[in-house]
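**Student:** dropping the sequence and predicted coords here.
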Amino acid sequence: NTANKGSFEWSAPSNIALVKYWGKKENQIPANPSISFTLNNCKTITKLTFEKKSNNNEDFSFDLLFEGQPKESFRPKIEKFLQRVAIYLPFLKDYHFTIDTQNTFPHSSGIASSASGMAALAMNFMSLEHLLNPDMTDDCFYKKASFLARLGSGSACRSVKGNVVVWGEHNDFSESSNLYGVTFPYIVHENFKNYQDTILLVDKGEKQVSSTVGHDLMHGHPFAQQRFAQAHDNLSKIKEALVSGDVATFIEVVESEALTLHAMMMTSMPYFILMKPNTLEIINKIWAFRAATGIPVCFTLDAGANVHVLYPESNSVKVLEFIKNELVAFCQNSQYLCDIVGTGAVKY
Ligand code: PMV
């Protein structure tokens, strides 16, 4: 029986939200819809080895490796993920797994690996499900993979496919769902083809407030309802901009979304600040460069201090020169990562 033992290997990329997900309901249901660029270079590569158990032990059974070395510190997160997805993958307890993971980006770079990591793991479990259920369609495979990834980390559901992914119900997207991410269903204007994302590593430390806690603080937040309504409006605006090639509107929405995300953190109770002084230095430099050159470069932020610099491929040479001359000084150990919009998870 081919399902007795074997292995799969998948890579899944990180993604960067343009309209942000911040706030959730039970079962990882987002409080508002979001949209992201899937990245290409920042990814997690995970090999899943499986072997049918010889006993009837009812616990999950798995070994964890990170870059080839045992990594017990990942166990609670993986255990929680398996508990959440077990009803959707009823075969999980029949197997012993080895989960062997590596990232293409530097360890503890402050780049969240939860989206790429959970997506890569979900893809592997779907490959096993496909082996047991060979009639599954491709569409079902990818939807369910995104559904499972969401249960690991909300934004991970946007890392299964490329190049632009929408997650959460929205009037302009009849196929979108709170349960999984879907590919942006319109033709993206060529102004956004091969869009560049240079990630400036401002602070590589562990953040003081996790995104789980941050999402929770949107419950009872004084501005929550306005924020969720604004995300719907911004998704409509950015949809139009992506289709028409309106880079000015794109910039306006993306930068406003980044600052609003951090404004929600600063106005929650308890309040907190994840930006660092160098985050603001970089933002001001980007604004000055844009005003001086007219080059449509903009920034966005995750739930952290790092800055994602977004710009068209046609401006790469000039923007990279600007980044090296003026922005790298504000990065920890001068570190930055060059990425580009990509297509999603890949089977090896
Ligand atoms: O997927 P989580 O729970 O780590 O939340 C991520 C939230 C943001 O990165 C701040 C925004 C987003 O939409 O990715």
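**Tutor:** Structure's in. What do you need?
**Student:** the closest residue to Ala224 other than its chain neighbours: neighbouring residues, count only.
**Tutor:** Nearest residue to Ala224, sequence neighbours excluded (C-beta to C-beta, 6 or more residues apart in numbering): Met218, at 5.2 Å. Where you see a C-beta, it was placed from the backbone N, CA and C, and this is true even at glycine. Neighbour count of Met218, defined by other C-beta atoms under 10 Å: 20.
**Student:** what do you get for Phe60?
**Tutor:** Count around Phe60 with other C-beta under 10 Å applied: 17.
**Student:** residue contacts, the residue nearest to it when sequence neighbours are not counted?
**Tutor:** Nearest residue to Phe60 in three dimensions, chain neighbours excluded: Leu82, at 4.8 Å (C-beta to C-beta, 6+ apart). The neighbours of Leu82, taking C-beta atoms under 8 Å, 6 or more residues apart in numbering as the test, are 60, 62, 92.
**Student:** same question for Pro30.
**Tutor:** Listed by C-beta under 8 Å, 6+ apart, the contact partners of Pro30 are 21, 23-24, 154, 167-168, 178.
**Student:** out of the residues you listed, which are close to the ligand?
**Tutor:** 21, 154 (C-beta under 6 Å from any ligand atom).
**Student:** which one of the contacts of Pro30 has the most neighbours?
**Tutor:** Counting by other C-beta under 10 Å, top hit in the contacts of Pro30: Trp167 with 30 neighbours.
**Student:** let me have the contacts of Pro30 in JSON lines, extended by secondary structure and pLDDT.
**Tutor:** Formatted as JSON lines, the contacts of Pro30 follow (DSSP: H, G, I helix; E, B strand; the rest coil; pLDDT from 0 to 100):
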{"residue": "Tyr21", "secondary structure": "coil", "pLDDT": "98"}
{"residue": "Gly23", "secondary structure": "coil", "pLDDT": "98"}
{"residue": "Lys24", "secondary structure": "strand", "pLDDT": "98"}
{"residue": "Gly154", "secondary structure": "helix", "pLDDT": "97"}
{"residue": "Trp167", "secondary structure": "strand", "pLDDT": "98"}
{"residue": "Gly168", "secondary structure": "coil", "pLDDT": "98"}
{"residue": "Asn178", "secondary structure": "coil", "pLDDT": "98"}
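**Student:** coming back round to it: just the contacts of Leu82: which are in strands?
**Tutor:** Phe62 (DSSP state E).
**Student:** dump the contacts of Leu82 to JSON lines, plus distance to Leu242 and pLDDT.
**Tutor:** Conversion of these to JSON lines gives the following (distance: C-beta to C-beta, whole Å; pLDDT from 0 to 100):
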{"residue": "Phe60", "distance to Leu242": "41", "pLDDT": "95"}
{"residue": "Phe62", "distance to Leu242": "40", "pLDDT": "97"}
{"residue": "Leu92", "distance to Leu242": "38", "pLDDT": "96"}
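**Student:** rebuild the contacts of Leu82 as TSV, extending it with distance to the ligand.
**Tutor:** TSV is the format used below for those (distance: C-beta to the nearest ligand atom, whole Å):
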residue	distance to the ligand
Phe60	22
Phe62	22
Leu92	22
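**Student:** where does the residue nearest to Phe60 land in three-state SS?
**Tutor:** helix (DSSP: H, G, I helix; E, B strand; the rest coil).
**Student:** what's the distance between it and the ligand?
**Tutor:** Note on Leu82: its distance to the ligand, by C-beta to the nearest ligand atom, to the nearest Å, is 18 Å.
**Student:** if we can go back for a sec, who's in contact with the residue nearest to Ala224?
**Tutor:** Residues near Met218 by C-beta under 8 Å, 6+ apart: 22-24, 31, 224, 227, 264, 268.
**Student:** hmm, 10 Å instead?
**Tutor:** By C-beta atoms under 10 Å, 6 or more residues apart in numbering, Met218 lies in contact with 22-25, 31-32, 224, 227-228, 264-265, 268.
**Student:** and the pLDDT at Val209?
**Tutor:** Val209 is assigned 89 on the pLDDT scale.
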